[in-house]
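[1] Give me coordinates for this.
(2 chains)
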2 protein chains.
Amino acid sequence: MEFMEDTVTKNSIYDGKIINLETHEVSLADGNKAFREIVRHPGGVCIFAKDEEGKILLVRQFRKPMEEAYLELPAGKLEKNLTPEENAFKELEEETGYKCQNLTSLGAYATSPGYSDEIIHLFVAEGLYEGQKGGDDDEFIDIVRMTDEEFMDGLRSGTIKDPKSVAAYTLAKLL
Amino acid sequence: MEFMEDTVTKNSIYDGKIINLETHEVSLADGNKAFREIVRHPGGVCIFAKDEEGKILLVRQFRKPMEEAYLELPAGKLEKNLTPEENAFKELEEETGYKCQNLTSLGAYATSPGYSDEIIHLFVAEGLYEGQKGGDDDEFIDIVRMTDEEFMDGLRSGTIKDPKSVAAYTLAKLL
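    Residues are numbered from 1 along each chain as shown, chains lettered A, B, ... in the order given. Modelled structure (predicted):
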């Protein structure tokens, strides 16, 4: 079966600070046309890391689209001229104040493949040591530390409701 | 620490078929201003289900933003006037041809809380029996059946790279 959808016409709707928006008219396998809305996003990294006491490092920050604070693993957007791994080193330190000795890739995942091209690169960080907390001027972030049991309780109770954090936790355990 | 971000001014950039786009100027905890781009999405459902032989049901479909076919658990957008549970019953049947006797919620997750308000409701379906495959005119979908071992291999090899599928699989096992 042929799955391709070729773009027939494309419109650029919005070129923004972080995301762009396009609409495409595409031709389907049966020759019919369909309409697709596509958000272009630079992608990101997300890091599963435990501190010197073996506690999982999470960050809590206000997420305007959700109008509430979210508890997530440390994560951030990809920056130009940095590899995903370099980004992960940088983001972990900026958000948690920890440097790490090594990072292992858990793969790259599409957060919402139906309408966005965002890809998030998941990593496990090991060998944490003290660095320098910093980060974006427009982010207010609290660090939260959880045992494995507390993390699982967070999943059960709905305190943690961010799929990339669930995926990174799972993959760090299973792969 | 106060995490709120109050909207000072808001612009509607795009009202589309599935998504809308807004930009907000917000005031931060320290009184400074920041700029947020927000995609409004109706949300969706994603269903973890096994067929009569105990194989996990997945669907493969072309995802235009990624320009490739993706292997995911059955999933779909929320429709107006249907609860997430009603949507999950409907979507499972449309995409796989199976009805199910019961659904258990695995919680609601924000796929990209940094720029989108999309919430995906995860379910486990049990008691599958034959229904009627159907679905949207503009979707071409193949059904793929995997043992648990094959699913895990898919995670390891990167064949499955969709965080909602990883999260639903994990939560179905752990919760």
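[2] all helices of chain A, in order?
    In chain A, the helices defined using DSSP state H lie at A:84-96, A:148-157, A:163-174.
[3] Just list what the first one packs against, helices and strands only.
    Contact here means 3 or more CB pairs under 8 Å, 6 or more residues apart in numbering or on different chains; DSSP states H and E; on that basis helix A:84-96 packs against strand A:44-49, strand A:56-63, strand A:75-77, strand A:98-110, strand A:119-130, strand A:141-146. Placement of C-beta: from N, CA and C, glycine included.
[4] How about residues contacting the helix or strand bottoming out on mean pLDDT in chain A?
    In chain A, no helix or strand scores lower on mean pLDDT, DSSP states H and E than helix A:163-174, which sits at a mean of 88. Outside helix A:163-174, the residues that touch it by CB atoms under 8 Å, 6 or more residues apart in numbering or on different chains are A:46-48, A:56, A:58, A:71-73, A:75, A:106-107, A:109, A:111, A:120, A:122-124, A:151, A:155, A:160, B:109-111, B:120, B:152, B:155, B:163-164, B:166-167, B:169-171.
[5] out of the helices of chain A, which comes closest to residue A:21?
    helix A:163-174 (21.8 Å; CB to CB).
[6] if I look at the nearest residue to residue A:116 once chain neighbours are set aside, how far off is residue B:113?
    Leaving aside its chain neighbours, residue A:116 sits nearest to residue A:39 (4.2 Å; criterion: CB to CB, 6 or more residues apart in numbering or on different chains). The gap separating residue A:39 from residue B:113 is 14 Å, by CB to CB, to the nearest Å.
[7] is the closest residue to residue A:139 other than its chain neighbours in a bridge, and if so with what?
    With sequence-adjacent residues excluded and distances taken as CB to CB, 6+ apart, residue A:139 is closest to residue A:61, at 6.2 Å. Using DSSP bridges, the beta-bridge partners of residue A:61 come out as residue A:70, residue A:141.
[8] right, and residue A:61 touches residue A:142 too?
    Yes - between residue A:61 and residue A:142 there is a contact at 7.4 Å, judged by CB atoms under 8 Å.
[9] These two: which has the busier surroundings?
    residue A:61 (19 against 12; other CB atoms under 10 Å in any protein chain shown).
[10] Which pLDDT value belongs to that one?
    pLDDT, residue A:61: 94.
[11] ok now do the residue of chain A positioned farthest from its centre, which residues does it touch?
    Ranked by distance from the centre of chain A (CA atoms, centre = their mean), the top residue is residue A:31, with 35.7 Å. Contacts for residue A:31 were tallied using CB under 8 Å, 6+ apart; there are none.
[12] I'd like the distance between it and residue B:143.
    23 Å.
[13] what's the answer for residue A:7, then?
    Distance from residue A:7 to residue B:143, by CB to CB: 27 Å.
[14] same check, this time on residue A:150
    Distance of residue A:150 to residue B:143, given as CB to CB: 38 Å.
[15] repeat for residue A:161
    Computed with CB to CB, the distance linking residue A:161 and residue B:143 is 29 Å.
[16] Please say which of these two ends up with more neighbours.
    Between residue A:161 and residue B:143, counting by other CB under 10 Å, residue A:161 is the more crowded of the two (24 against 15).
[17] For the more buried one, list the residues it contacts.
    Taking CB under 8 Å, 6+ apart, one finds A:70, B:107, B:108, B:109, B:110 in contact with residue A:161.
[18] residues contacting the third one?
    With contacts defined as CB under 8 Å, 6+ apart, residue B:108 is in contact with A:158, A:161, B:84, B:119, B:120, B:121, B:122.
[19] Let me have the helices and strands packed on helix A:84-96 in JSON lines, adding distance to residue A:23 as columns.
    Supplementary listing: the helices and strands packed on helix A:84-96 in JSON lines, determined by distance: least, CB to CB, whole Å:
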{"stretch": "strand A:44-49", "distance to residue A:23": "24"}
{"stretch": "strand A:56-63", "distance to residue A:23": "26"}
{"stretch": "strand A:75-77", "distance to residue A:23": "23"}
{"stretch": "strand A:98-110", "distance to residue A:23": "19"}
{"stretch": "strand A:119-130", "distance to residue A:23": "21"}
{"stretch": "strand A:141-146", "distance to residue A:23": "34"}
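[20] Nearest to residue B:11, out of those strands?
    strand A:56-63 (19.4 Å).
[21] Could you list every helix and strand in contact with the closest one?
    In terms of contacts (3+ CB pairs under 8 Å, 6+ apart), strand A:56-63 is packed against strand A:44-49, strand A:68-72, helix A:84-96, strand A:141-146.
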